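In: the following comprises the amino acid sequence and a computationally predicted model.
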Protein chains: 4
Amino acid sequence: MVKVMDAFVKDKPKTFCGIMGVYDHPEAAEMAYLGLYALQHRGQEGAGIVSSDGETVYSHKGRGLVNEVFTTHETIKDLKGRIAIGHNRYSTTGADDKMNIQPILVNMKNGPLALGHNGNLVNGRDLRTMLQEEGALFQTTTDSEIIVHLIARSQKTDPLSQIREALNQVRGAYSLVMLTKNKLIAARDPHGFRPLALGSLRNGSVIASETCAMDLIGAEYVRDVHPGEILVIDERGVQSECLTSKSHRTHCIFEFIYFSRPDSRIFGEYVDKTRRKLGKELAMEHPAEADIVIAVPDSSNTAALGYANHSGIPFELGLIRNHYIGRTFIEPHQNIRDIHVKVKFNPVGGVLRGKRVVVVEDSIVRGTTLKILARLLRKAGAKEIHVRVSSPPIRYPCYYGMDFPSQKELIASSMSVEEVKNHLDVDSLGYLSLEGLISAVPKEGRGYCTACFDGQYPVPVDKTVSKNQYIQPFQEIV
Amino acid sequence: MVKVMDAFVKDKPKTFCGIMGVYDHPEAAEMAYLGLYALQHRGQEGAGIVSSDGETVYSHKGRGLVNEVFTTHETIKDLKGRIAIGHNRYSTTGADDKMNIQPILVNMKNGPLALGHNGNLVNGRDLRTMLQEEGALFQTTTDSEIIVHLIARSQKTDPLSQIREALNQVRGAYSLVMLTKNKLIAARDPHGFRPLALGSLRNGSVIASETCAMDLIGAEYVRDVHPGEILVIDERGVQSECLTSKSHRTHCIFEFIYFSRPDSRIFGEYVDKTRRKLGKELAMEHPAEADIVIAVPDSSNTAALGYANHSGIPFELGLIRNHYIGRTFIEPHQNIRDIHVKVKFNPVGGVLRGKRVVVVEDSIVRGTTLKILARLLRKAGAKEIHVRVSSPPIRYPCYYGMDFPSQKELIASSMSVEEVKNHLDVDSLGYLSLEGLISAVPKEGRGYCTACFDGQYPVPVDKTVSKNQYIQPFQEIV
Amino acid sequence: MVKVMDAFVKDKPKTFCGIMGVYDHPEAAEMAYLGLYALQHRGQEGAGIVSSDGETVYSHKGRGLVNEVFTTHETIKDLKGRIAIGHNRYSTTGADDKMNIQPILVNMKNGPLALGHNGNLVNGRDLRTMLQEEGALFQTTTDSEIIVHLIARSQKTDPLSQIREALNQVRGAYSLVMLTKNKLIAARDPHGFRPLALGSLRNGSVIASETCAMDLIGAEYVRDVHPGEILVIDERGVQSECLTSKSHRTHCIFEFIYFSRPDSRIFGEYVDKTRRKLGKELAMEHPAEADIVIAVPDSSNTAALGYANHSGIPFELGLIRNHYIGRTFIEPHQNIRDIHVKVKFNPVGGVLRGKRVVVVEDSIVRGTTLKILARLLRKAGAKEIHVRVSSPPIRYPCYYGMDFPSQKELIASSMSVEEVKNHLDVDSLGYLSLEGLISAVPKEGRGYCTACFDGQYPVPVDKTVSKNQYIQPFQEIV
Amino acid sequence: MVKVMDAFVKDKPKTFCGIMGVYDHPEAAEMAYLGLYALQHRGQEGAGIVSSDGETVYSHKGRGLVNEVFTTHETIKDLKGRIAIGHNRYSTTGADDKMNIQPILVNMKNGPLALGHNGNLVNGRDLRTMLQEEGALFQTTTDSEIIVHLIARSQKTDPLSQIREALNQVRGAYSLVMLTKNKLIAARDPHGFRPLALGSLRNGSVIASETCAMDLIGAEYVRDVHPGEILVIDERGVQSECLTSKSHRTHCIFEFIYFSRPDSRIFGEYVDKTRRKLGKELAMEHPAEADIVIAVPDSSNTAALGYANHSGIPFELGLIRNHYIGRTFIEPHQNIRDIHVKVKFNPVGGVLRGKRVVVVEDSIVRGTTLKILARLLRKAGAKEIHVRVSSPPIRYPCYYGMDFPSQKELIASSMSVEEVKNHLDVDSLGYLSLEGLISAVPKEGRGYCTACFDGQYPVPVDKTVSKNQYIQPFQEIV
């Protein structure tokens, strides 16, 4: 079997996407390419760039990592023009979904429109049914196409009004970049679930999911796109419109815990700084009698350091992560125990032997990987294993753009902390409390969505919504 | 330069497509594949098959010849189910048009629909504009998608009524195969421009552009799909519906002259038999004092034999055609005179030297290839060259599915026969007369479209219609 | 199953290769490419070109047809320099043999040497064993590499002497082109089994297996490379050396019957002219009471015309050959009777119905295809089938470069003509006699190898030689 | 420009290869595949596996990472048999060198032999010239092929004697795995430059460059292959032979500093443990007044931790490494300053701002990356930058298998430490002393090659040897 690695080690929530927009740069597509490179962690299953030279709109999309999709300089050079948007995709369905790779590009009565979307709608199913009843033909199974159909059906005459009319009909999480022949448009839902930032580059503008994309191309961070704001960037400059008078900020707190890169600044704060506080808070709530602190690399490194520094227990590199792993892996038929985890992580015997070990992990979804890691650590000589998790137990599904397994697969949904500890077969287990989490994130003028921990959904969810809500009744054979 | 061979030797009209449908066969997709193989001459730039197992609809499409698109048995096996339709595409635009490869597959409110189309609409532009105004999003630049949008927008509830409503809005040439989860549907415009036949295979049914596709898979020809007929084939059997009470048959006479395979039976007659009569008629109208008759192989072979037999001048193989030519050819920078034609045809010196040669060609479009062939024949020793064409001078564009160059490029449109003769630099030139042509084709209960010869268009054409009517304002970078 | 078409319809002998050389042309590799295009019929499983700019030698090789191996103009442009050689390969072993694609390119003590070979050695096994005993490492399973090792091991100091020394050790059939940094070298075995011609192009020279390659690039045929001649072409001009004082010409008569293109001139005569005489001779030896004469297209066309003309029975096109067939074909699981032949040939019902048919075929190897064709013709309405073969019964294997199945698979080896007739289930069968064959080919100063018909081998064959003599003990997994 | 990333960030020495062997396992090729996966850091430009089922030997090789070369399970399954060897290649020449990918597979008089080699010979040029004079044909430009030719030319009759005779003629560094139809053979040069370990797996045996490959497949480490030892593993078990009575151990000390994975055990010691001692030693030799210690991730992590622990300065994650970087990168035309380094490393502003930073790096070759990193760190807010290098200045080329740039490009070869500090534009710079290095590595019964630091070459080097010693006079156009 060739297996997608994530099928093995998927014990992590997934975001759906990273988005990028560039306005007025002589190498706009190149800048979008670099931005997508920096945002690769937000989606690895597909990438695309659409550009415009004012006359024609150019598109290139494909499966895989950015550097698998864009393999020649010609491809990027052929994406002509001074405006470009890009999108990294993470897909939730196992099925073939080449058609779902964004940006979506359509031809409307007043010209071409391209759109890249990070997030998830909660009234997508109803809107889709309504549109299909009216004869709309859907090419993808994405929420994002609903937005495009709504824009196309608006009887307004200018793009901004059409977009406003469309967005007023959708509910849920969306950070958007759009491109027309001569405009770059950004929009963010009134709750600001997903991050989206505005920057400047030379005389032009940049839109990006995270600031690390701006760092790479030398753009300056200006400010976040406000929740409920539509930004239209064209030859007249940057115009801001409000979708609604009331915006209620409920940022996805998981962006701080795991999704965003530690060197990014989101929701007005450095991720690294917050993540370190999570580790410190965790050390205060759940101290341990131990000899060393190790992280499950790389996403838990910062929290582990925070834990180590506050606890005084030395930080060590007890797990080596193999970074040469591609997205696929050929599995031997004769089972090698724990191979799926071993191929990614190897314990360092010299560090672990005879030691009482604190293992810091940022989150536990199903617990499958961690259970195996614990076994590997013990086999490599660890005397005691104390798991510390820098987020609370995940008990509820997310409808705003995180991909969890179904609720019953969430280990903390059906087991108590004690039961999880026993299941993992470790010596102790401590989760950061919700209070501890809240106390560690920046709060001035901000609020957070913590629905996956406490079930409090800031935007009501259509009861019938499921994660894979739009089952395509057909399948493309590749 | 790598050049598409047809760019060199394109002095032939082109049809748009071949279509194939299979109902109730355990290897429906395999049968569609074989049918497309037999219909390869009707379109070489793309191919696709869509199948249904009653629950899910499966699709595979790609660029190139059938055997370039379907390269592994797995691909065909993955096209599961007992129903399948297939399509060979010839594209008129030079642009990248992967999206245009058929069958088109969409998801409508009452489930998936796939459609393959051979022909051309004459009111496509108006319909498209109307649909776009209403917010329809077009994914392709084909006429065929218009039909799909019209079906999707119908407020009727059953597929047959939806299709009837849609087809009543379109005018022009269409032979169609469609597939839903559990139905195979065929339809043909009331004029019957393009051929379409119904056959039986075991307990199931087959639809094909030409009967040669049925021969290959061992299916029995039953009858032609009638002009203006919709056939719905499902578990209840084959039901026939009339689109309109009045059908006026104007079959494309060029199918007999050049398009169809000589071993096919179309419009109720064997192509070979008709094509031979064209040669005989040509010999009567335009005798020649000559030593040998040769054909421009392979499409003119039958007419040349007819000419030779009637005239008593021996038939010879004076031109060898290289069949290993692929669709692309790398052209040397330093020009080799006539290389584009020489790579395809080589004169046989031993046959031609010192001879007075009758060259039979089925049609002349721009005259470019023939002019070069004449030069090559003369260089190989031919003493006299008498060109005989088994169709009348082509003077008018076709709006029903043949791809000619623009009218001014049609050599007979701007030159008299005498001028063409001088341009080709041959000793004599004779075209079959329209009357001769009509007298050679079967006539009982049938009529023909001869618009390309006489400008009499049986279906009025929107004045603004041009061949490449829908310019996509965007471009996919491959 | 994806099957190589030739596995189905392989009832033809195969040559091993076509070779081409160009000296002193600004686009030498382009000319070699065009030459290989014209020689495609001599080998379709691999192609390669090696060029030299006087300093560096460049190589590109691959599997498949010439236009599958050379797909971009860049590839050919990168083959720099004014000297080039090319090779089309037909492989006899079913195994993966990418390594066997020629030209072979090696680095010897006095620089690089590339070699393309058409033919087969009869003492290859002994030489190979001897060389391996001395420690020579073979990279291929071809005879051709033996020649290269012998050249490399020569203690002579100049290329010509090294080559002469090597060729004096080998026996069998070889037409060779070789390239060093600044020389083009051609050589032909003393019996002249395979054709090889010298031509001129501008100020330079051309070497080609057949003259059709010269026609395409506008080169002039000068003369054949003499049997037993080595030609060295460099800045000093064309120098000729004799390998041996005695050359005994035994040209492969099958080149006239089937291998060479009808528009080529080989062994000093036009192939078309000779092939037509075979048909005439056949008509005299084996007349038939029949209504029409048809050929198994395309290789038998000329002989069929010859038969028709002499017999007065009209020539007709009763079988249509599908030229869109690629090298592979996906076979349905549920057997369709005769599909392998039907996919290639379709009988034309209108021509055949009720007719007594003479079918002219150039040669019968195993009889498998012809047996099926006879069945298809009868099913299409032929009343009587009279097979006429324009060569004698093939009864013996060839060791000089034709690929037959094993002797026991040769139908005429184990059956009398009457038995073959019954096996094919036809009304009559007539083979051209050996005397008839000899009387039809040009004879002045020439002799022919007719070993496959009469078992008279002009060069004694090592008893242990088999066709696939060098079984590679390893296999490359692709 | 598409650029190979290493062209940007190549400020690291390179090893040539990783090798792996498996004897008597039902999925031998799968085990070799997994082993290569674990050894990916030793070579990323090509990979191959050869297996044997006792009758036939199977081979698959290709360019790129292991998971780019082996993409389907079928490929591995087709590598049949219970014996397999594998090789990861790092190539030193920029030229196309597909032919150089190992294992080399040849057919010798007593059957097939495959060989994988890690290391470099010092008398390769002389041997190659000698062999070519004798007529040996070289297919690659590798040293490794020389060994194969010497084995093939041996007049001994058994493989072990042939190999011993061959190895007695070569001098330099070699760790070898070889495969015949029914044997797995390993050998190591008498100095033991490169690591090579023997392990057991079920009833069979494993050979690997590093023990991390054994960990992954669950094999047990048995012992190192001794310097100067030949191991023959077949149905009779594991037999050991000595190449020479005197072995003088001079292990490559750089394996501890940088090459080997921290979780491996080489030369009898855990790499991680040694690397941590290097950091501690460095802290003692070169203390710093600083606020934080950061590593250049990932190879310097362990040394940085050692430094931090001993100095008491907190270890921090100040540089984020982007692991999604593929082997190629499309560079914008309009230069973005430092893009080549920024795309790989991003400084974390929140960690660095206002801090005095110790940056631990394992080695400096040209200093190009470090110079840029220092600039980026400063731009991100670092107040002071103190570079500490856990190895001495590299001043001399390596002839035993490390790939350095030419001596004059080695920054420490032409500059004093003070000059390097100024060039890097940092506040202080400290290299570990050679004595410090020696004191940190395990010493009992072992010796080390430190030639790159002190110019003391344990095996005399042919004066004319250069890194790219065998220039292939021809070029394969891909």
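Out: On my side now, so go ahead.
In: rest of the way, CA atoms for contacts and neighbours
Out: OK.
In: contacting residues for residue A:241?
Out: Applying C-alpha atoms under 8 Å, 6 or more residues apart in numbering or on different chains to residue A:241 gives the contacts A:229, A:230, A:231.
In: just to check, the last one is in contact with residue A:238?
Out: Yes. Assessed by C-alpha atoms under 8 Å, residue A:231 is found in contact with residue A:238 at 6.6 Å.
In: chain center to stretch A:114-127: distance?
Out: Stretch A:114-127 has its C-alpha centroid displaced from the chain centroid by 15 Å (C-alpha atoms, centre = their mean, to the nearest Å).
In: and it, which residues are buried?
Out: By 16 or more other C-alpha atoms under 10 Å in any protein chain shown, the buried positions in stretch A:114-127 come out as A:114-125, A:127.
In: just the ones of these in helices?
Out: Using DSSP state H, the subset of the buried residues of stretch A:114-127 located in helices is A:124, A:125, A:127.
In: so which of the contacts of residue A:241 comes closest to chain C?
Out: Minimum separation from chain C among these (C-alpha to the nearest C-alpha) is found for residue A:231, which lies at 44.9 Å.
In: now what about the longest helix seen in chain A, what contacts it?
Out: In chain A, taking DSSP H as the definition, the longest helix is helix A:271-285. When contacts are defined by C-alpha under 8 Å, 6+ apart, helix A:271-285 is touched by residues A:256-257, A:260-265, A:302-311, A:388-391, A:431-433, A:436-437, A:440-442, D:348, D:350-351.
In: which of the residues you listed are buried?
Out: Neighbour counting by 16+ other C-alpha under 10 Å classes A:256-257, A:260-265, A:302-311, A:388-391, A:431-433, A:436-437, A:440-441, D:348, D:350-351 among these as buried.
In: using the three-state scheme, assign residue A:391.
Out: coil (DSSP: H, G, I helix; E, B strand; the rest coil).
In: could you check how far the closest residue to chain B within the stretch 1-150 of chain A is from chain C?
Out: Per C-alpha to the nearest C-alpha, residue A:135 is where the stretch 1-150 of chain A lies closest to chain B, at 4.1 Å. Distance of residue A:135 to chain C, computed by C-alpha to the nearest C-alpha, to the nearest Å: 38 Å.
In: neighbours of the closest residue to that residue other than its chain neighbours, just the number please.
Out: Leaving aside its sequence neighbours, residue A:135 sits nearest to residue B:153 (C-alpha to C-alpha, 6 or more residues apart in numbering or on different chains; 4.1 Å). Residue B:153: 22 surrounding residues under other C-alpha atoms under 10 Å in any protein chain shown.
In: ok, and does stretch A:28-40 reach over to chain D?
Out: Yes. Using C-alpha under 8 Å from any C-alpha of the partner chain, we find that stretch A:28-40 touches chain D at A:30, A:31, A:37, A:38, A:40.
In: just among the residues you listed, which is most surrounded?
Out: Among these, residue A:31 has the most neighbours (other C-alpha under 10 Å), with 31 neighbours.
In: that residue touches residue A:24, doesn't it?
Out: No. Counting by C-alpha under 8 Å, residue A:31 does not reach residue A:24; the two are 10.7 Å apart.
In: helix or strand: which one has whatever residue of chain A ends up closest to chain C?
Out: Taking C-alpha to the nearest C-alpha, chain C has its nearest neighbour within chain A at residue A:74, 14.3 Å off. Residue A:74 is part of helix A:73-78, with elements assigned from DSSP states H and E.
In: so the closest residue to chain B within the stretch 251-400 of chain A versus residue B:66, what's the distance?
Out: The minimum distance from the stretch 251-400 of chain A to chain B, using C-alpha to the nearest C-alpha, falls at residue A:330 (19.4 Å). Using C-alpha to C-alpha, to the nearest Å, residue A:330 is found at 31 Å from residue B:66.
In: so between these two, which is more surrounded?
Out: Ranked by neighbour count (other C-alpha under 10 Å), residue A:330 and residue B:66 place residue B:66 first, with 32 against 21.
In: list the contacts of that one.
Out: B:33, B:36, B:37, B:40, B:44, B:46, B:47, B:88.
In: circling back to that earlier point, among the buried residues of stretch A:114-127, which one sits closest to residue C:290?
Out: residue A:114 (69.6 Å; C-alpha to C-alpha).
In: what does stretch A:416-432 contact?
Out: With contacts defined as C-alpha under 8 Å, 6+ apart, stretch A:416-432 is touched by A:278, A:281-282, A:285-286, A:367, A:370-371, A:374, A:384-393, A:411-412.
In: what about the buried ones among the contacts of helix A:271-285, which are in strands?
Out: A:265, A:388, A:389, A:431 (DSSP state E).
In: beta partners for the second one?
Out: Residues found in beta-bridge contact with residue A:388 (criterion: DSSP bridges) are residue A:360, residue A:430.
In: list the residues that contact it.
Out: Neighbour list for residue A:388: A:282, A:286, A:358, A:359, A:360, A:361, A:429, A:430, A:431, A:432 [criterion: C-alpha under 8 Å, 6+ apart].
In: can you check the pLDDT for the last one?
Out: So that's residue A:432. Here, the pLDDT recorded for residue A:432 equals 98.
In: please indicate which of the contacts of stretch A:416-432 are buried?
Out: Burial by neighbour count, 16+ other C-alpha under 10 Å: within those this picks out A:278, A:281-282, A:286, A:367, A:370-371, A:374, A:384-393, A:411-412.
In: neighbouring strands - and their directions - for the helix or strand where residue A:294 lies?
Out: Per DSSP H and E, residue A:294 falls inside strand A:292-295. Here strand A:292-295 is paired, per DSSP bridges, with strand A:315-316 (parallel), strand A:356-361 (parallel).
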